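# What would the 3D arrangement of this be:
(one chain, ligands or ions: 1)
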Amino acid sequence: MHEIIFWIIIAIIILDFVFENYLEYLNTKMMGTLLPEELSGIYDQEKYSKQQAYQRDNLRFGIITSAFGFLLIMGMLLFYGFAYIDKLAWSITSNSILAALLFFGIIMFASDMLSMPFSLYGIFVIEEKYGFNKTNLKTFILDKVKGWFISAVIGGGLLSLLVFFYRKTENMFWIYAWLSVSAFSIFMTMFYSVLIVPLFNKQTPLEEGELRDSISLFANSVGFRLNNIYVINGSKRSLKANAYFTGFGAKKRVVLYDTLIEEMNTEEIVAVLAHEVGHYKKKHVIHNILISLAQSGAVLFLFSLLVDSPLLSNALGIEKPNFHVGVIAFGILYSPVSFLLGIFMNIISRKNEFQADAFASENYNPEALSSALKKLTARNLSNLTPHPLYVFFNYSHPPLLERLKRLR
Ligand SMILES: [Zn+2]
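Prediction:
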């Protein structure tokens, strides 16, 4: 029986790899070097050629990266790499919390090291070539070290807690795990910009002036309390532009990239904000939090049914079931379910984007939003003609041309 599970795991990984690359291939069939009619006004011919070249480079690089990842996980499964790391962890400690920390620590550190050449190439060769990159090697290394530190503290802390609950309460552990994971994610949503972002970027309150006044004026006109407007130095790493909302309740804040402020005029920036306020007003933010809490509860419950089963650990070449090996096997077996859920979430998310656009155009200005979206797309050299199937499976936002059509 555990052999069947083993082959199911292998089949899932192969199917996932093939399908993902098939969708990428479909996207390439939509590419051309001549500017399509409906894109004039967004790209000129020269900029469009640049965009297509950027896309082609990213595509080739993406295939190589995903093939590498695929070979790595296949190797780990076929040659019982997880069993080896499990044995190694238990040879160092007999404590199940420490063993789990070592097990995931080794796997994550090793995979980060192995993927390092790819991220270096992506940033310092591809992004550099198209003039996006502002990261230097020092920032890159510091980011890595800080990233490891955060994963060790937060990931390690949560993992220890889960193993602890599992040891104490066995199959009821999922309830305690769910409560703590939920509390933690709500805490993080509220304090992310105060605790984590400052480790990587500088955030300064938006200075008094025309932009701030216009934003406040708009926020007041739709009865939206907004006291925290910040500018972040995104240009430290990349010239791509962005803006986002974070937190909720009294902790909500707007964060504008310095690159966005530089690129857009006041009306366009307010239109982008109006879209984000639309997400709040239409309750998308709270719905998303509730959906993700419900999902993590379901996942933890399912996992609690299977974690003790020797089938999972035997499939990975390990005799005695344990928590961390169960996580790996369950994670792969569950991935088709999360794939289907992901499709469903993307459908909802694309619908929400249209609603937020509609809110912005009813309460502010559809032309300003259209021109902001165009500028953002052109600046970031985004793909304007994705294949419809690719959009269906992977896009959380509708493609630009569809959004523009609705805004008209
Ligand atoms: Zn949105």
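# A strand includes residue 321, no?
No - counting by DSSP: H, G, I helix; E, B strand; the rest coil, residue 321 is not part of a strand but coil.
# which residue sits closest to it, ignoring its sequence neighbours?
residue 313 (4.3 Å; C-beta to C-beta, 6 or more residues apart in numbering). Where C-beta positions appear, they are placed from N, C-alpha and C, glycine not excepted.
# What helix or strand is the one you found located in?
helix 310-315 (DSSP states H and E).
# Name the next helix or strand downstream of that helix, please.
Later in the chain than helix 310-315, the nearest helix or strand by DSSP H and E is helix 323-363.
# quick one: pLDDT of the residue nearest to residue 321?
Note for residue 313: predicted pLDDT of 90.
# Tell me how far it lies from the ion.
Distance of residue 313 to the ion, given as C-beta to the ion, to the nearest Å: 42 Å.
# so how far is residue 195 from that residue?
36 Å (C-beta to C-beta, to the nearest Å).
# the more surrounded of those two?
residue 313 (25 against 13; other C-beta atoms under 10 Å).
# ok, now which ones touch that one?
319-322, 325-326, 329 (C-beta atoms under 8 Å, 6 or more residues apart in numbering).
# 10 Å - rerun?
Taking C-beta atoms under 10 Å, 6 or more residues apart in numbering, we find residue 313 in contact with 2, 5, 82-83, 86, 307, 319-322, 324-326, 328-329.
# Have a look at the residues you listed and tell me the least confident one.
Lowest confidence among the contacts of residue 313: residue 2, with 84.
# now that residue, nearest residue through space, not along the chain?
residue 314 (3.5 Å).
# Please verify my assumption that the one you found contacts residue 321.
Yes - the pair residue 314 / residue 321 is scored as a contact, 8.2 Å apart, by C-beta atoms under 10 Å.
# residues in contact with the closest residue to residue 396 other than its chain neighbours?
Spatially, and ignoring its direct neighbours in sequence, residue 396 is nearest to residue 349 (4.3 Å; C-beta to C-beta, 6+ apart). Neighbouring residues of residue 349 by C-beta under 10 Å, 6+ apart: 284, 288, 395-398.
# and these as a markdown table, adding neighbour count, secondary structure and distance to residue 338?
Compiled in a markdown table, the contacts of residue 349 are given as follows (neighbours: other C-beta atoms under 10 Å; DSSP: H, G, I helix; E, B strand; the rest coil; distance: C-beta to C-beta, whole Å):
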| residue | neighbour count | secondary structure | distance to residue 338 |
| --- | --- | --- | --- |
| 284 | 18 | helix | 21 |
| 288 | 16 | helix | 16 |
| 395 | 17 | coil | 17 |
| 396 | 13 | coil | 15 |
| 397 | 16 | coil | 20 |
| 398 | 18 | coil | 22 |
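# just the residues you listed that are near the ion?
By C-beta under 5 Å from the ion, no member of those lies near the ion.
# for those residues, which one is nearest the ion?
Ranked by distance to the ion (C-beta to the ion), the contacts of residue 349 are led by residue 397 at 6.7 Å.
# Give the closest residue to that closest one in space, chain neighbours not counted.
Going by C-beta to C-beta, 6+ apart, residue 397 has residue 353 as its nearest residue, at 5.1 Å.
# Quick one, grab the pLDDT at the one you found.
Residue 353 is given a pLDDT of 96.
# Quick check: it touching residue 396?
Yes - between residue 353 and residue 396 there is a contact at 7.8 Å, judged by C-beta under 10 Å.
# Going by distance to the ion, which of the contacts of residue 313 wins?
residue 328 (34.2 Å).
# what number of residues lie near that closest one?
23.
# Tell me the residues of the protein that contact the ion?
Proximity of the chain to the ion, by C-beta under 5 Å from the ion, involves residues 353, 356.
# helices and strands around the helix or strand of the chain with the lowest mean pLDDT, which ones?
Lowest by mean pLDDT, DSSP states H and E among the helices and strands of the chain is strand 243-246, with a mean of 86. Applying 3 or more C-beta pairs under 10 Å, 6 or more residues apart in numbering; DSSP states H and E, one finds that strand 243-246 contacts helix 173-195, strand 229-232, strand 253-257, helix 258-263, helix 266-281.
# mind giving me TSV with these and columns for distance to residue 365?
As requested, those are exported to TSV (distance: least, C-beta to C-beta, whole Å):
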stretch	distance to residue 365
helix 173-195	28
strand 229-232	19
strand 253-257	18
helix 258-263	17
helix 266-281	6
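# For residue 201, which of these is the nearest?
Counting by C-beta to C-beta, residue 201 lies closest to strand 229-232 out of the helices and strands packed on strand 243-246; the figure is 5.1 Å.
# mind listing what the residue nearest to residue 20 when sequence neighbours are not counted touches?
Leaving aside its sequence neighbours, residue 20 sits nearest to residue 66 (C-beta to C-beta, 6+ apart; 6.5 Å). Residue 66 makes contacts with 16-17, 20-21, 24, as judged by C-beta under 10 Å, 6+ apart.
# repeat that with 8 Å
17, 20-21.
# host element of it?
helix 45-78.
# what's the distance between the helix or strand following that helix and the middle of its chain?
Under the assignment DSSP H and E, the closest C-terminal helix or strand after helix 45-78 is helix 81-92. With C-alpha atoms, centre = their mean, to the nearest Å as the basis, the distance from the averaged C-alpha position of helix 81-92 to the chain average is 30 Å.
# And the contacts of helix 81-92?
75-76, 98-100, 102-103, 106-107, 316-318, 322, 324-325, 328.
# change it to 10 Å
72-73, 75-76, 80, 96, 98-107, 110, 313, 315-320, 322, 324-325, 328-329.
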